Structures are given as C-alpha cells and as structure tokens.
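quick one, what's the 3D model for this:
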Amino acid sequence: MSRARQPPLVTGISPNEGIAWTKVTIRGENLGTGPTDLLGLTICGHNCLLTAEWMSASKIVCRVGQAKNDKGDIIVTTKSGGKGTSTVSFKLLKPEKIGILDQSAVWVDEMNYYDMRTDRNKGIPPLSLRPANPLGIEIDKGRFPQKDLESLFPGMSADFTSENFSAAWYLIENHSTTSFDQLKTAVVNLKKQANKKNEGSLAYVKGGLSTFFEAQDALSAIHQKLEADGTEKVEGSMTQKLENVLNRASNTADTLFQEVLGRKDKADSTRNALNVLQRFKFLFNLPLNIERNIQKGDYDVVINDYEKAKSLFGKTEVQVFKKYYAEVETRIEALRELLLDKLLETPSTLHDQKRYIRYLSDLHAPGDPAWQCIGAQHQWILQLMHNCKESYVKEQKGSALLHSPMLDLDSDVRPSPMGHLSQTASLKRGSSFQSGRDDAWRYKAPQQVVFVEKLTKLVVSQLPNFWKLWVSYVNGSLFSETAEKSGQMERSKKNARQRQNDFKKMIQEVMHSLVKLIRGALLPFSLREGELRQYGGWEMKSELSGQWLTHVIQTVRLSSESLTALEIPNDMLQIIQDLILDLRVRCIIVTLQHTAEDIKRLAEKEDWVVDNEGLTSLPSQFEQCIIRSLQSLKTVLDCKPGEASVFQQQKTQEDVCQLSIGIMQGFIDCLEQLSTKPDGDIDTSHLSVDVSSPDLFGSIHEESSLSSEQRLLIALSNCRYLERHTFLNIAEHFEKHGFQGVDKITQVSMESLKELDQRLFEMYIEFKADPIVGSLEPGIYAGYFDWKDCLIPTGVRNYLKEALVNIIAVHAEVFTISKDLVPRVMSRVVEAVSEELSRLMQCVSSFSKNGALQAKLEICALRDTVAIYLTPESKSSFKQALEALPQLSSGTDRKLLEELLNKFKSSMHLQLTCFQASSSAMMKT
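This next block holds a predicted model:
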C-alpha cells in the first residue's frame, strides 16, 4: 500500500493580479504526480481546471477565468493529496470597457478563442492548452548530448507539435530511464486521450439534439415560405423586403464604419511596417549594437552577430537591407583595425594575444595577424633588452659621480654573495632574484651583475610566451572552430611551415642579442669594435671578482635551463653554452689572478709564531687560501648537462697552468722576502715560541726580536714542510678539481722551492759556519804555538772547546726552531769545520812527537764528539787530517792519547750531551 501524500500547498503565483484570462504560473508543493492526478484548480472561486497545464509537482500554468470575487485564494485539488491550501492570493482586476468605435492605444492580444460551453478550441489550441506531457507519466530528462541526438535523427524533432516529430527521439530525451511498466501506463493514457477526442464530436451532437431539431424545423419553415413566394421578385414579398432591409443595413454600416475601416487599413499598414521592423530589427539595430558591444569589450557577441547578419543579408538585393549591411561592414572594419592595434600593442599577455588573433581570424581580417603579432613581439623583446642595457649604463655613470665606489670584493674581508643567494628564489621558479632581496646588497652589487640578472629575468619571462605563441601558430590552436571550418587553419599551418626559417632567425637574433649584451658587460674584449659600440658602453674601472662571475654564471645557467625546458632546439641555444664556457674560463682566470694577489699579501700576515714542528701559520694560510679559491670554483668547474669541459681548449690549459705556477712561485717569493728582510723591516714584538719546545740556552726567550739567522731557520722549516706536505696536498686538490698539467705545476714549483731552500740554507751556513771555521786557525796558533816545539799534551786546547761551544750554540738555535733541521745543519757545519781542520793540518810542514800527539788528540776529540753528524765528506776530511800527522809509534803515546780523550769527554759531558746518539734518536722522534 502506497504512503499517503501531503495535501497540495500553493506558496506563490506570478503575476499576483490581472484581468480575466491572464496567464499565471502557480508554484507550491505536492501539486500532483501528473496531469491525470490534478482534479481541480480554482482561483478566486472560479474553476480554472480546463486551462490548467500541469508542469511538475511544484508548478502549474493556467489562465484566470471570470470570477465574482475580486480577490481570493488559489486552491488545488489532487487525487493523491486531496484538497489543498494556499498561503498567497490573487487579485482580479476589472478590465476597462472599450466601445467598438472608441480608439485604443493598446494592441489586443489576438489569441484563439476557447469556447467553454462546448469545451472545444476554435482553431489551433494555444501552447498553454496543449499537453506538456502527452504520455501522462513523470518526465526524466536524460543526459544524452543534444548534438548526438541531432546526428542520430537528422531532420527530425522531439517536439510532438512539429511535423517532423520523432517518437524515438522524444522517448530517449524525456524517458530514457523510465521503466517498462510505466511505459505501459503511458500507452493506456494515450489510448484514453485518443478515445476521448473521437467521442468528443458525438457527445456534442447528443448533448444538443433538441437544438438541432429546432434548427431543422426553422430551416424547413423558411424553405416553405420561400417556395410560396416563388422565384420572381414580387413587390411586397418577403424576399424583396429582406433584400431592402439588408441593403439599408449595408449602407448604414458603411456610413457608420467607414472611418473605423479606414483607421483599420491604416493600422494594418502600420502593423505590417512594425512587423517588418520587428522581424528585421536585428539588422536595423545591429550597427548600434556593434558599437555598444565594442565599447563594452564583448567582441564575441559582435562576431556572432556579424556572422549571422552576413549569412542572412550578405547577398540581399533589398536596398534598405543593403544600406544597413554596408553600415555594419563599416563598423566591422573599424573593429578589425582596433583589434589589430590591440594585438600589436605591447606589453600583452599570451591569453590576450590568442584572443585577438582568434577574433581577427573570425572577422576574416586581411593578411596574417598571428605572424604580425609574432614579429611585433620579437621587436619588442629586442627593444626591452637594449633599453635595459641603456638604463643600467646610464645609472652606472650617474652613480659613479654621486656615490662612493662599490664594495671591493678583492679586500681581505670579502663577503660572499652566495650567502644572499641562499635567501632568494632560483630562476627555475620564475626568477633569479625576487623582490624580497636585501636592497643594501643590491646597491653594493656591481651594476653589470644586476644588469645580467635583470636581462636574463626579462628574457626568461618574455621568451616563453613568444615561443608558445609560435607553437600555437604552427598547430593551429590560435583559431576557433569557425576558422577551422573555413579552411583558415590549414592556410595558417601552411604559412607557418613556410615561415619556420624566419622564426628561427628571430629566436637566434634574441639569443645573439642576449649573449652580446652580457659579453659587452662582462667580456668586452670578446666583441669586435663595431659590436662593442652597440652592446657595450660600460665603464670598466676594475674587473669583476671571481665570486661575482660565479654568481653571473649561475644566473645564466638557470636561464639556459629555463629556455631548454621550452623545448627550444639545442642549436639555437648553443650560443648561450659558448657564453657560459667563456664566462667559466674567465672566472677561473680572474679567480687565480686574485688568488695570486692574495698570496703576495700573505707576507703581511706572518706572525712568526712557531709550533712544535718549527712551522709558522704561513704554510697553512697558503694552503687554505688555495683550497678556498678552488672551492669557490667548484660550481664553475663542474659541467652541467650540455656543457663542455672548461679545459677542452689547449690555450686555457696553458693559461691556467701558468697562473697556478705563478701562485706557487708567488708564495715562494713571499718566503724569500720574509727570510731576507732587514731586521728593522719586520715586527716581531708579538713573537712567541711553543713552551713545549726545549730551549737549552734560553736565547730566544731573552731576545725581544728574531735575528736574521732565526728567520732563515723558520723559513727553512716552512720550506721543508711545503715540500713534503703542502705542495703535494695542493697538487691533489688541483687534480680533484680537474686541473690539467698538475705534474708540471708540481715539478716547477718543487724546483723553485728547492732552489730557495738551498739558497737560504747556504746563507744560514754562511752565517754560522764561517765564524767557527774562521776562529780555528787563530786559536790553534794562539800564544805562538808551534807544532815542532811543544810540550807533552795535557788535554784539548781551548780553541777546540770554543769551537765546540759555538757548534753547540748552533745546535741549540736550530733545535729550538725545528728539530728536523738539526741533522742537516749540524752535518754541514761539521763538514765545514772538518774541511778547515784538514786544510790546516795539511799546511803544517812538520810535527814533533808531542805536536803530532796534540794534533791527533784534538782531531780525534772533535771527530768523536760530532760522530753522529759525520758525512762521507766530513769523514774524508778527518781522515786526510789524520793522514797528514806522523804515526804514533809507541804504546805509551797511544795510551796517553786515550786517557786524554776520556778526560776531555768526562769534563765536557754536559756540553756534549746534544751530540749523543740518544739525543739524535729523540730528535728523530
């Protein structure tokens, strides 16, 4: 059992007042499940069911009948819900009575009359009286596209009042989801409607049967009377009287209605004229509508109206139509010019450009607007680039006069721009630097750097739209369906194929301008003189540092990646890769040159603070300086996709190799300068020595400044460390970063370092060994000593002890600075002393027995004391000295010699500790 429905409720009526037979729309809830469910409808007490048209459960359309009440409710009665209620009311207005001869300014709605007495329509029923749902079941609109239905049923219609009505189309459109049982119900409803229509005439006859009989009797009486009068016109007969009456009635009617009929004819003429105006008002109003829509920017409406007018009146022969159509063409021509101006106007978005091109194509504009737009965009991009250069050159010249020089990045404290770069967005997200950038940093940045950043941002922001416009031009997506149907798209594609080379030249011109403008700002020497005048003009007071060039390279690389993402052919972008390669090479050259200058200034940073290894901070500073320089070049040396190695050219390899050698040589010169400066030129007030270093005599702590000999020792220690560690580490870093010719750099640097080391060593030996050697001969012959006439030796004489003390002082000085230098220095000093001693012995003509014993004692004492520092040269010298002496023949002399040697070693045990093997082993550790 079905659930009872709620009674109908009327919640609205439109309009809510009017005269009789006014068409109204009733809205509410539960207004029935279908036309058959509607049992009654009253408005102001009048039954309006006959004119009611059920639309849906919430809508009914009907006409208000003549009611007694001026105002009343709207009551709907349904089979399913019963009698309903209303929350609104309708006011019935009384129409103004107009006589048949009174003039009226109101057009009477000429509608088909509905005779309520016979329940029959006179003529074709109005749309409001035709059933909206002939099947009498609920309508369910399907989701089938209208175009698909039109293609399935060509020339047919779903309108059941049309001559080309298609039942299948109507069912698919309105009842695609209706069940089969409901369709059976619809068939029953159709049969009932057909039977009712067939029974209508018969029922009418049955209902008025008496009337028919009365009419039949009257007609028979008239017929008999006429038969009795005969066919002749007899004066006074009924027929004659009737004729006279009708003639007088006709004359009277002509007299009464002549003016009315004249006005009727005039009204008919006016109506016909108005009908023409109404029918063709589209054309007559079109010029004004076009102008208004152009002002509002509704170009689509204008184009649609123009296409419609062209199809209807394009070939008309009616003069008035031709006149108005010519005016339309004039307005359209003005619109073409306006759209073309807007299309070529810059700047403009890609969306607007496509829109204007589509409009012009739909208006059949002459020429090729799309190609004109591409050409205008190309010229505009070039102009923007040159204007950008001119503005920054002008700003640079102005700032040079008004402001102090920009930040010097070559100073010792060189802030890196990379710290600021990390706070900004990359070019892959739309730009290299965004508006959030620090204004102070931008002010300090060189104008060339800011210019390149702005220029690349400009190109990256404009070229994508330019490229996409070309792609749309090639594939025909610029044009609408109208243009496609007219064949304009095919013509455009053909034009695009013919103009591919021209567009390629445009892209290449933009790329060449971009590259040459950047070269003019950063690499002016790479341009010819004529190009320099066009793309240069910068004031090059000083070349950019390597860090700024690195930043520029990163900017250009990001720009290249953005352009590559547009699928622009690589051959068009190769010129940018060449620019990046030249910038990378220049960045390496400049960075190495600045590094060489920094290395030269390292001498000013020497603090002469010696560590346990006898080294100052200078070698470490040198290594760190080069490492920082190479690390700053890492992004430059690394090859991005599509980039060539920076060392692919032989000249670049040679230049980098020479600069690297120059850096190494510069530090070697720095060491030489420090070690050979006069004492007054070096500030050693801050000198300090590692407290863990043993200081046998405390000489360094007692002095407030370093002597030249101590500086030589420190330089020698640094040279030793450079040779064994620093230069090798630097060579590894060179190889790690892909430098070519590292072996040559290392070899030349090592040779130069060894030469400096040898020179410094010879200078130190000269400072220390020469005084000792020079004191030997005076000491030997002090007190008129004579080898031929001397007493029996009692011990080693003082000159040898003094020489040993001096050698020990050298040892202490070297040991304090660098333990590793002790063997080298001491061996060389011993060689000098032994060589001099050998020479002196060989110069003696003859020795007495005591003299020979004394000489052998002193030679053996010296030899045994410095035994751990003997070299083949010093051993040979001692051997030659001993060979110059007479041999000791007696055992007593040899025993005496041994006793005296032991006595000497015992008495100078403390002083000779530094010459013991344990001391040497300690030094080696």
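
where does residue 427 land on pLDDT?
On pLDDT, residue 427 comes in at 36.

which residues touch stretch 892-900?
Stretch 892-900 has contacts (C-beta atoms under 8 Å, 6 or more residues apart in numbering) with 792-796, 849, 853, 856-857, 860, 888. Quick note: C-beta positions are derived from backbone N, CA and C, even for glycine.

how about stretch 337-349?
294, 299, 352-353, 356-357, 359-360, 363, 365, 369, 372-373, 376-377, 380, 465.

so of those, which ones are in helices?
294, 299, 352-353, 356-357, 359-360, 369, 372-373, 376-377, 380, 465 (DSSP state H).

buried ones among the residues you listed?
294, 299, 353, 356-357, 359-360, 369, 372-373, 376-377, 380, 465 (16 or more other C-beta atoms under 10 Å).

okay, the residues you listed in JSON lines with distance to residue 456 and pLDDT next?
What follows is these, written out as JSON lines (distance: C-beta to C-beta, whole Å; pLDDT from 0 to 100):
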{"residue": "294", "distance to residue 456": "40", "pLDDT": "87"}
{"residue": "299", "distance to residue 456": "36", "pLDDT": "85"}
{"residue": "353", "distance to residue 456": "23", "pLDDT": "83"}
{"residue": "356", "distance to residue 456": "29", "pLDDT": "83"}
{"residue": "357", "distance to residue 456": "28", "pLDDT": "84"}
{"residue": "359", "distance to residue 456": "34", "pLDDT": "83"}
{"residue": "360", "distance to residue 456": "33", "pLDDT": "83"}
{"residue": "369", "distance to residue 456": "30", "pLDDT": "83"}
{"residue": "372", "distance to residue 456": "28", "pLDDT": "84"}
{"residue": "373", "distance to residue 456": "24", "pLDDT": "87"}
{"residue": "376", "distance to residue 456": "22", "pLDDT": "88"}
{"residue": "377", "distance to residue 456": "18", "pLDDT": "86"}
{"residue": "380", "distance to residue 456": "17", "pLDDT": "87"}
{"residue": "465", "distance to residue 456": "16", "pLDDT": "84"}
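
show me the contacts for the closest residue to residue 600 other than its chain neighbours.
Leaving aside its chain neighbours, residue 600 sits nearest to residue 666 (5.3 Å; criterion: C-beta to C-beta, 6 or more residues apart in numbering). By C-beta under 8 Å, 6+ apart, residue 666 lies in contact with 596, 599-600.

now residue 595
625-626, 629, 663.

among those residues, who's most crowded?
Among these, the one with the most neighbours (other C-beta atoms under 10 Å) is residue 663, at 25 neighbours.

what sits against it?
Applying C-beta under 8 Å, 6+ apart to residue 663 gives the contacts 592, 595-596, 599, 626.

for residue 369, same thing?
By C-beta under 8 Å, 6+ apart, the residues touching residue 369 are 339-340, 343, 356-357, 360-361.

I'd like the residues you listed laid out as JSON lines, including distance to residue 546.
Shown next, in JSON lines, are the contacts of residue 369 (distance: C-beta to C-beta, whole Å):
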{"residue": "339", "distance to residue 546": "53"}
{"residue": "340", "distance to residue 546": "51"}
{"residue": "343", "distance to residue 546": "47"}
{"residue": "356", "distance to residue 546": "48"}
{"residue": "357", "distance to residue 546": "48"}
{"residue": "360", "distance to residue 546": "53"}
{"residue": "361", "distance to residue 546": "54"}
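
from these, which is closest to residue 736?
For these, the minimum distance to residue 736 (C-beta to C-beta) is 55.6 Å, reached by residue 357.

keeping just the C-alphas, turn stretch 823-831 into CSV.
Coordinates of each C-alpha in stretch 823-831 appear next as CSV, following Å, rounded to 0.1, in the frame of the first residue of the first chain:
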residue,chain,number,x,y,z
PRO,A,823,121.0,16.9,11.3
ARG,A,824,121.1,18.8,8.1
VAL,A,825,122.6,22.0,9.7
MET,A,826,124.9,20.2,12.0
SER,A,827,126.3,17.9,9.3
ARG,A,828,127.0,20.9,7.1
VAL,A,829,128.7,22.8,9.9
VAL,A,830,130.8,19.7,10.8
GLU,A,831,131.8,19.4,7.2
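
remind me which residues of the stretch 551-700 of the chain are low pLDDT?
When residues are selected by pLDDT under 70, those of the stretch 551-700 of the chain lie in 677-700.

what ranges does it have for its strands?
Assigned by DSSP state E, counting those that start in this stretch, the stretch 551-700 of the chain shows no strands.

if we can go back for a sec, tell me the one of the contacts of residue 595 nearest residue 573?
Once C-beta to C-beta is applied, the member of the contacts of residue 595 that ends up nearest residue 573 is residue 629, at 30.5 Å.

leaving out sequence neighbours, find the closest residue to the closest one.
Counting by C-beta to C-beta, 6+ apart, the residue nearest residue 629 is residue 595, at 4.3 Å.

gap between the one you found and residue 553?
Per C-beta to C-beta, to the nearest Å, residue 595 is found 18 Å from residue 553.

phi, psi of residue 740?
phi -100, psi 150 (degrees, to the nearest 10).

state the mean pLDDT of the lengthiest helix in the chain.
Longest helix in the chain by number of residues, with DSSP H as the criterion: helix 238-279. The average pLDDT for helix 238-279 rounds to 80.

equivalent analysis for stretch 527-534, please.
79.

flag every buried residue along that stretch.
Per 16+ other C-beta under 10 Å, stretch 527-534 contains these buried residues: 527, 532.

who's in contact with that stretch?
Counting by C-beta under 8 Å, 6+ apart, 516, 519-520, 524, 535-536 sit against stretch 527-534.

now the residues you listed: which count as buried?
516, 519-520, 535-536.

measure residue 905 to residue 255 for me?
Distance from residue 905 to residue 255, by C-beta to C-beta: 178 Å.

which one of those two has more residues nearby?
Neighbours were counted for residue 905 and for residue 255 using other C-beta under 10 Å; residue 905 has more, 14 against 9.

give the contact list for that one.
Shown in contact with residue 905 (C-beta under 8 Å, 6+ apart): 861, 864-865, 912.

so how do I select the buried members of these in PyMOL?
Buried members of the contacts of residue 905, defined by 16+ other C-beta under 10 Å, are picked up in PyMOL with:
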select buried, resi 861+865+912
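
okay if I get the contacts of residue 905 as CSV plus pLDDT and secondary structure?
Shown next, in CSV, are those (pLDDT from 0 to 100; DSSP: H, G, I helix; E, B strand; the rest coil):
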residue, pLDDT, secondary structure
861, 85, helix
864, 85, helix
865, 84, helix
912, 75, helix
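
what is the nearest of the contacts of residue 905 to residue 70?
residue 912 (147.5 Å).

ok, the closest residue in space to that closest one that isn't next to it in sequence - contacts?
Setting aside the residues directly before and after it, residue 912 is nearest to residue 865 in space (C-beta to C-beta, 6+ apart), at 5.6 Å. Counting by C-beta under 8 Å, 6+ apart, residue 865 touches 804, 905, 912, 915.

please enumerate the helices of the stretch 101-250 of the chain.
Secondary structure of the stretch 101-250 of the chain (DSSP state H, counting those that start in this stretch): helices at 146-152, 167-174, 180-207, 209-229, 238-279.

name the helices or strands packed onto the last one?
This points to helix 238-279. helix 209-229 (3 or more C-beta pairs under 8 Å, 6 or more residues apart in numbering; DSSP states H and E).

looking only at pLDDT, what's the mean for the helix it packs on?
In this model, helix 209-229 has an average pLDDT of 76.

just want the angle from it to helix 238-279.
130 degrees (axes from the mean of the first three to the mean of the last three C-alpha atoms, to 10 degrees).
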